[in-house]
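> quick one, structure for this:
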Amino acid sequence: MTGIALALDHVGLCTADPAPLWAAWERLGFALSPVAQQSGRRTPDSEVEPFGTVNRCAFLRHGYVELLGIADPTLFANGVDRFIARYAGAHILALAMDDAEGNLARLRAGGLAIPGIAWLQRPVEPGGPIARFARLPFPDAPEGRVQLVQHLTPELVWDARWMGHRNGALSLESVIVASAEPAETMARLARLAGVPAEPDPLAGFRLRLPGAARAAGPGSPAMETRIRVLPAEALDRALPGVTAPALPFIAGVVIRTSDAGASARALLAGLPLRDAPEGLMVPPEQAGGAAVVFA
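As a prediction, this is how the structure comes out:
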């Protein structure tokens, strides 16, 4: 399948100092990948340069969560400094594609002024091999960085060493966005994805992505993933007690587990957890600015 978005690839949380964010996610039972400094091209035809940002990731059988911060403020921050000026939390929403050229042609035919494919790379671990990506960003997205991503070296990214999570996490199932104008926000996301939106039960909209193989082993089936865009006043019904520091707001992620959240509930006893409609919720203040629901 080409020319459309296939699945949720990853959601990224951004902060000025990444160490506390990484510690918080390890406390939630995630095994994080090694620290990696990012690099890439500022424009499609410029030279690769080191960026001032570093990340660690919680890789899942399908999708992952990126935990991103600024290690060297003297280097290019690739927009992260602008994102965290709004709030510390989730600002990156990446959808998986398998045909960068085909999607670029589709988006340009639809009138989007995308200058070209952005080529990014980072070492998977210090001194290790280089993972490479192709990216198509939605121009001037108010959420932060909204993009299509094609993994050119997926075998380097989904490494079994970093996928054994004590909380039973298996897959990135959905992301919840709060917006002052849900119809406008979803129209942009549907345009980027090339997939039609449908009504959400909470008076917003939902985008269902058909699935892509993002798994630890061969032969693993594709899995449908979802983006939900809700009016701000309905956010509390999906993520109890969560309020938006600014709009639009990538408010939370739903992560499917191997045991209906039982491992997470036992592991996280003592934290101020909440029950959400889709599972056990860790509030944003315990997870770096975005709610985490273990389904």
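
> any low-confidence regions in the stretch 51-200 of the chain?
For the stretch 51-200 of the chain, no stretch has pLDDT under 70.

> remind me what the lengthiest helix in the chain packs against, helices and strands.
When the chain is parsed with DSSP state H, its longest helix is helix 182-193. Secondary-structure packing of helix 182-193 (3 or more CB pairs under 8 Å, 6 or more residues apart in numbering; DSSP states H and E): strand 145-151, strand 169-179, strand 197-199, strand 205-209, strand 225-231. Backbone N, C-alpha and C define where each C-beta goes, glycine included.

> how about 10 Å then?
strand 89-96, helix 100-109, strand 145-151, strand 169-179, strand 197-199, strand 205-209, strand 225-231 (3 or more CB pairs under 10 Å, 6 or more residues apart in numbering; DSSP states H and E).

> who does G69 bridge with?
T15, V54 (DSSP bridges).

> right, I mislabeled it, should have said H62
So, taking DSSP bridges as the rule, H62 has S171 as bridge partners.

> now it: how far from I255?
10 Å (CB to CB, to the nearest Å).

> export stretch 108-116 as CSV, just CAs?
Below are the C-alpha coordinates for stretch 108-116, written out as CSV (Å, rounded to 0.1, in the frame of the first residue of the first chain):
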residue,chain,number,x,y,z
ARG,A,108,1.9,18.5,-3.7
ALA,A,109,-1.0,17.6,-6.0
GLY,A,110,-3.3,18.5,-3.1
GLY,A,111,-1.8,22.0,-2.9
LEU,A,112,0.6,21.6,0.1
ALA,A,113,3.9,23.5,-0.3
ILE,A,114,6.3,20.8,0.8
PRO,A,115,9.8,21.6,-0.4
GLY,A,116,10.9,18.0,-0.6
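
> gap between it and the chain center?
Per CA atoms, centre = their mean, to the nearest Å, the displacement of stretch 108-116 from the mean C-alpha position of its chain is 23 Å.

> stretch 239-249 now?
17 Å.

> repeat that for stretch 107-117.
22 Å.

> over to stretch 266-280?
21 Å.

> end-to-end on it?
11 Å (CA to CA, to the nearest Å).

> buried stuff in that stretch?
L267, L268, L273, A276, E278, G279, L280 (16 or more other CB atoms under 10 Å).

> now do stretch 4-17
Those would be I4, A5, L6, A7, L8, D9, H10, V11, G12, L13, C14, T15, for stretch 4-17 by 16+ other CB under 10 Å.

> how about those residues in JSON lines, adding distance to M97 and pLDDT?
Output for the buried residues of stretch 4-17, formatted as JSON lines (distance: CB to CB, whole Å; pLDDT from 0 to 100):
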{"residue": "I4", "distance to M97": "7", "pLDDT": "92"}
{"residue": "A5", "distance to M97": "6", "pLDDT": "94"}
{"residue": "L6", "distance to M97": "6", "pLDDT": "93"}
{"residue": "A7", "distance to M97": "9", "pLDDT": "94"}
{"residue": "L8", "distance to M97": "12", "pLDDT": "96"}
{"residue": "D9", "distance to M97": "8", "pLDDT": "95"}
{"residue": "H10", "distance to M97": "13", "pLDDT": "97"}
{"residue": "V11", "distance to M97": "16", "pLDDT": "98"}
{"residue": "G12", "distance to M97": "17", "pLDDT": "98"}
{"residue": "L13", "distance to M97": "22", "pLDDT": "98"}
{"residue": "C14", "distance to M97": "22", "pLDDT": "98"}
{"residue": "T15", "distance to M97": "27", "pLDDT": "97"}
